[in-house]
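Q: Dropping a prediction and its sequence here:
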Amino acid sequence: MSPDPTSQQMDEETPLLQSEGNAPAKKPQTPLPWRQFSMLLVLQIAEPMTSQVISPFAPQLIRDIGITHGDEALVSFYVGLLYSLFFATEALTIFHWSRLSDYIGRKPVLLIGLFGLSVSMFCFGLSKTFWSLVISRCLNGALNGNIGVMKSMAAEMTDSTNVARAWAYLPLAWSSGSTLGPLIGGVLARPADRFPNVFGGSEFLKKYPYFLPCAVPATVSALTWIVVFLYLKETTTPQINISQLLLPWKKRQIVPSSALESPPASSSTSNKPVPIRALFVRRVLIATGSYASIALPVFYATPISLGGLGFDTPTIGTILAVQGVVNGIIHPLAFARLHDIMGAKKLWLFAVICALPMVALLPALNTLARSSGIVRGVWYLVALQVAFMNCTSFAYGISFMYISAASPNRASVGATNGFAQVIVSVMRAIGPAAANSAFSISIEKQYLGGNLVYCVMAGMVCMAIGVGVLLPRTMWTN
């Protein structure tokens, strides 16, 4: 995603998308490579569908396996633990997958990741004990190298003139998967109980009541594997052949990367992946500091008397689905335009600041539900909270743009995204567990009147705002 010589000076001193009248000459926008970009969108649908399908039924699943022994306050802890284990194992492996993609290419790593997603989801649906759930989630995280690789491919398919436009469409695909996932999980969980006329005679689905919602995204991942294998083209030139990786005793030959544009740098190694230590730079750390997680589905499922809203699984799935639909509509319409008007840094700060009222609405919702029940006013506040969630999601696209821009050179885009994803996975492993643990402790010990968890969440948001202040006004250049 490095600029050509004629635009280098402009990119170093001006925003990626300039507002009118800011610079004397505006570089024409490069069309998106829709044939290949659409393949990336298909891949983007499978990823969140797989990860989000368990969101509506995870609390009930924890209750069903009996790990809490009827203690409702422990449900959120174990749900948060399942999410944290995924991100913890992902943090241990994602950098290696992303760096491997710099050497053998993006496509082989994507295929391995899709295979891992499919197998792990089938295993999750067949799990009957908490430890089998743990193993399935760890397998899912360990084999999921696709997150960083997809971001690298998006960076390699775009340049400084169309990158914001690309990140306006990518959330549409992600939101589609995020919408379908909770809907599938909410509707198909315990099918023998919910649809006795259709599935009531299936002893298998009675024994494994959560297999069906897990099997759907697992099958989608398998079909996506076929689409990627047949149609997706490689976006980087591999440095070594896979056979050389599998047979290390063979003489290693570096494949010339003539297909890659070399960044305008004097380094003779600008077309080769940089050492790992070269990635420990301030700008990469700053660019990846925007991530934080708030486990809203746990809040919605917790009984009103324990600080939640007491919604059932289908309702939770519907709320998350609506949020995904609205998010998918807003991004293509507004993201690139807002980026052009506000600039990357201001848009990022605006998005993260929107998380503060989103967190503040959590105790307000429970207070209203306690006093009046689930009345129309509760739904109005839920709708307002969903609106703030969608505004907050703008920060992700901006962060991905900063991360790709922070890469030392084009040959290290995969490693840079992988390194960033490690930090993100660690934050996501700590964030939900900390928030859910604080939630359980708050409602059990009544610390700060049961509001300790909201202070923890607000603290996470304030930390993210502090990181955002350090972001540069314009994107870095290689």
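A: That came through fine.
Q: residues of stretch 37-47 that come out buried?
A: Neighbour-count burial for stretch 37-47, counted by 16 or more other Cβ atoms under 10 Å, picks out F37, M39, L40, L41, V42, L43, Q44, I45, A46, E47. C-beta here means a position set from N, CA and C on the backbone, and glycine is covered the same way.
Q: what distance separates it from the centre of its chain?
A: Remark: stretch 37-47 is offset 13 Å from the chain centroid, using Cα atoms, centre = their mean, to the nearest Å.
Q: so S101 touches N417, yeah?
A: No: S101 lies out of contact with N417 (Cβ atoms under 8 Å); the separation is 9.1 Å.
Q: which residues do those two both contact?
A: G148, V149, S152 (Cβ atoms under 8 Å, 6 or more residues apart in numbering).
Q: Just the element for the first one, please.
A: Pointing back at G148 there. helix 146-157 (DSSP states H and E).
Q: coming back round to it: select only the buried ones of the shared contacts of S101 and N417 in PyMOL?
A: Only the buried entries of the shared contacts of S101 and N417 go into this PyMOL selection, using 16+ other Cβ under 10 Å:
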select buried, resi 148+149+152
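Q: Now flag whichever of the shared contacts of S101 and N417 is closest to T392.
A: Of all the shared contacts of S101 and N417, G148 has the smallest distance to T392: 21.7 Å, by Cβ to Cβ.
Q: Test my guess that the closest one contacts I423.
A: No: using Cβ under 8 Å, G148 is not in contact with I423; the gap is 11.1 Å.
Q: residues of whichever strand or helix holds R370 that come out buried?
A: Assessed by DSSP H and E, R370 sits inside helix 355-372. Under the neighbour-count criterion of 16+ other Cβ under 10 Å, helix 355-372 has A355, L356, M358, V359, L361, L362, A364, L365, N366, L368, A369 buried.
Q: circling back to that earlier point, tell me which of S101 and N417 has more neighbours.
A: N417 (33 against 30; other Cβ atoms under 10 Å).
Q: who's in contact with that one?
A: Applying Cβ under 8 Å, 6+ apart to N417 gives the contacts S98, G148, V149, K151, S152, A155, I403, S404, S407.
Q: For Y83, see how far away the closest residue to S51 other than its chain neighbours is.
A: Setting aside the residues directly before and after it, S51 is nearest to G181 in space (Cβ to Cβ, 6 or more residues apart in numbering), at 7.0 Å. Note on G181: its distance to Y83, by Cβ to Cβ, to the nearest Å, is 14 Å.
Q: now F211
A: F211 is 20 Å from Y83, by Cβ to Cβ.
Q: So the two - more neighbours on which side?
A: Each of F211 and Y83 has its neighbours counted (other Cβ under 10 Å); Y83 has more, 25 against 22.
Q: any idea which helix or strand carries the more buried one?
A: Element membership for Y83, per DSSP H and E: helix 75-104.
Q: Could you list the buried residues of stretch 446-463?
A: Result for stretch 446-463 [16+ other Cβ under 10 Å]: buried residues G450, N451, L452, V453, Y454, V456, M457, M460, V461.
Q: Can you tell me the SS state at the fourth one?
A: Going by DSSP: H, G, I helix; E, B strand; the rest coil, the secondary structure assigned to V453 is helix.
Q: so how many other residues sit close to L470?
A: Look at L470: counted by other Cβ under 10 Å, it has 13 neighbours.
Q: Read off the pLDDT value for it.
A: At L470, the pLDDT value in this model is 80.
Q: Over to it: give its phi and psi.
A: Torsion angles at L470 (phi, psi; degrees, to the nearest 10) stand at phi -80, psi -10.
Q: buried stuff in whatever helix or strand comes next after the helix holding R370?
A: Per DSSP H and E, the first helix or strand lying C-terminal to helix 355-372 is helix 376-392. Within helix 376-392, the residues scored as buried using 16+ other Cβ under 10 Å are V378, L381, V382, Q385, V386, A387, F388, M389, N390, C391, T392.
Q: do stretch 324-333 as well
A: The neighbour-count check on stretch 324-333 (16+ other Cβ under 10 Å) flags G324, V325, V326, N327, G328, I330, H331 as buried.
Q: repeat for stretch 71-80
A: Going by neighbour count (16+ other Cβ under 10 Å), the buried part of stretch 71-80 is E72, A73, L74, V75, S76, F77, Y78, V79, G80.
Q: Would you tell me which one of those comes nearest to S127?
A: Using Cβ to Cβ, Y78 comes nearest to S127 of the buried residues of stretch 71-80, at 13.3 Å.
Q: Now do the same contact list for that closest one.
A: By Cβ under 8 Å, 6+ apart, the neighbours of Y78 are I62, I67, T68, F130.
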